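Pasted the sequence and its predicted model underneath.
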Amino acid sequence: MRIIRCAILDDEPMAVALLSKYVEKISSFELVKATTNPFEILELIAQTTIDVLFIDIQMPELTGLQMMEMLGNKTKFVITSAYSEYALKGYEHNVVDYLLKPISFDRFYKCIQKIESLSQEKPAPAVEVLAKTEEKQDEFLFIKTDGKLVKINLNDLLLVEGLKDYLYLHLKNEKLIVLDTLKEFEAKLPAPSFMRVHKSYIIRLDQIETIERNRVFIQNKIVPIGETYKIKFQDWVKSFL
């Protein structure tokens, strides 16, 4: 059985103590450090391997989001927070799970099972990895606009707005008009990154800044969530809670 090395970071000593107590009950986990000091964690991960860091978000010296930005892919993260609004931000980082405080042992154990499952996954064959790498490099489309073919990088595509007889592509630095249907354009987009949330809108999920009631905010654009698409979108949001 592989031992999973973990650390705990929270500015509340009681939260650190509770999670430490939980981890001690799991034989497959080794608690390397539990602390309220973010700089101790930075130093630790620079010196040794930590598979998972349980990390709070709202901390006075360095926030959890700043820590995740600094650590990058050096470890996986489990966010522990009393605030659900940070769930989408976790989508941008190497986050395995999001535990809402107060954290019950039952919910914590489900998180442990998820981490164990991920750690047991076998690496894909080299050919498959190469294929996926090539696929990732090919994340672009050629679209016809103004009588010419224009290459767009899908990482720059924020959302697609369907108008009467054409589409309005909102990119990071420009907007393009394309003669196409929303249904046909949706079929060209990678499903994990994009989702249709309204009869007139497709959005890039990792570009969502705020969710408020039945609408999302992407940069300065407000996009409504249609009734037909609400359940699918809510299920996606719940996967981070």
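Good, I have the coordinates. All values reported here derive from a predicted model rather than from experimental measurement.

Distance from the chain centre to stretch 214-228, please.
On the basis of C-alpha atoms, centre = their mean, to the nearest Å, stretch 214-228 sits 18 Å off its chain's mean C-alpha point.

same thing with stretch 213-220?
17 Å.

can you give me the end-to-end distance of that stretch?
One end of stretch 213-220 sits 17 Å from the other (C-alpha to C-alpha, to the nearest Å).

How about residues contacting it?
For stretch 213-220, the surrounding residues in contact (C-beta atoms under 8 Å, 6 or more residues apart in numbering) are 158-159, 170, 197, 203-204, 207-211, 222-225, 230. Every residue, glycine included, has its C-beta placed from N, CA and C.

In the protein, where is pLDDT below threshold?
Low-confidence segments of the chain, defined by pLDDT under 70, span residues 1, 84-93, 121-138, 146-147, 241.

Would you state the helices of the chain in chain order?
With helices called from DSSP state H, the chain shows them at 13-24, 38-47, 64-71, 87-90, 105-120, 126-137, 182-186, 227-238.

Most tightly packed of these?
helix 87-90 (a mean of 20; mean count of other C-beta atoms under 10 Å).

Would you agree Gly64 is in contact with Leu53?
No - using C-beta atoms under 8 Å, Gly64 and Leu53 do not qualify as a contacting pair, with a distance of 9.4 Å.

can you list residues touching both of these two?
Counting by C-beta under 8 Å, 6+ apart, the contacts common to Gly64 and Leu53 are Leu9.

What degree of burial does Asp11 show, as a neighbour count?
Using other C-beta atoms under 10 Å, Asp11 has 18 other residues around it.

Compute the distance between it and Ile41, please.
In this structure, Asp11 and Ile41 are 12 Å apart, going by C-beta to C-beta, to the nearest Å.
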